[in-house]
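Colleague: need coordinates for the following:
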Amino acid sequence: MEILVITGPPYSGKGTQCEIIKEHLGYKHISTGDRCRHEKEVQSDIGKVMSEYEERGDLVPDSIMKELFNRILDENKSETGIVLDGYPRTIPQVDDLFELLETKDMEIGKVLNIEVPRSELLMRAENRAKTSDRKDDKDPATHLKRINIFEESTLPAIEYFKSKVNVITFNGLGSIEEISNKILSTL
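Modeller: As a prediction, the model looks like this:
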């Protein structure tokens, strides 16, 4: 199974691009945020633990994310490939990902990073708040907090990723089609 990792700040279009990759390659799109929300909704053991972190807009602790991702890998081992959206987000999670993949005799095919300026991210967050049913999308303070957490925790993780695998960076400005054409031509 091939593992593609999509990184980038909140509101950069990762989920949209993952769906396009899914359509073109037949890979399963694993949105860690969606999975966390599902676990919370069904009040699973792991969902109850995640709930308080997610509602504050904070990152769930690395150990909990590792356990969730281990479950995700086990559930999807028969897939041709998966596109990871939202994991890893911290340096320890990068190490956890490599450790889990090694134990399952899997490896990362590519890491794709979408870059978008902060001002554009905030504008996209405002637009998404108008159409989203997600409670965490409605609060402008949460938008800013998410971007700050990304800059503090995930940007260093992306740099760390670069020491382990080739990370291909894309400019996330432009139409969805322009960005997806660049990504698909790389794949």
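Colleague: mind naming the longest strand for this structure?
Modeller: Taking DSSP state E as the criterion, the chain has its longest strand at strand 107-115.
Colleague: partner strands of that strand and their direction?
Modeller: When pairing is defined by DSSP bridges, strand 107-115 lines up against strand 2-7 (parallel), strand 167-171 (parallel).
Colleague: show residues contacting the shortest one.
Modeller: Same thing as strand 167-171. For strand 167-171, the external contacting residues (Cβ atoms under 8 Å, 6 or more residues apart in numbering) are 7, 110-115, 158, 161, 179, 182-183, 186. From N, CA and C alone the C-beta is placed, and that goes for glycine too.
Colleague: tell me the helix or strand right after the longest strand of the chain.
Modeller: Later in the chain than strand 107-115, the nearest helix or strand by DSSP states H and E is helix 118-131.
Colleague: dump the C-alpha coordinates for that next one into CSV.
Modeller: C-alpha atoms of helix 118-131 as CSV (Å, rounded to 0.1, in the frame of the first residue of the first chain):
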residue,chain,number,x,y,z
ARG,A,118,-1.6,33.7,6.4
SER,A,119,-3.8,36.5,5.1
GLU,A,120,-5.3,34.1,2.5
LEU,A,121,-5.8,31.4,5.1
LEU,A,122,-7.8,33.8,7.3
MET,A,123,-10.0,34.9,4.3
ARG,A,124,-10.6,31.2,3.5
ALA,A,125,-11.5,30.5,7.1
GLU,A,126,-14.1,33.3,7.1
ASN,A,127,-15.6,31.9,3.9
ARG,A,128,-15.7,28.4,5.2
ALA,A,129,-17.4,29.5,8.4
LYS,A,130,-20.3,30.8,6.3
THR,A,131,-21.0,27.4,4.7
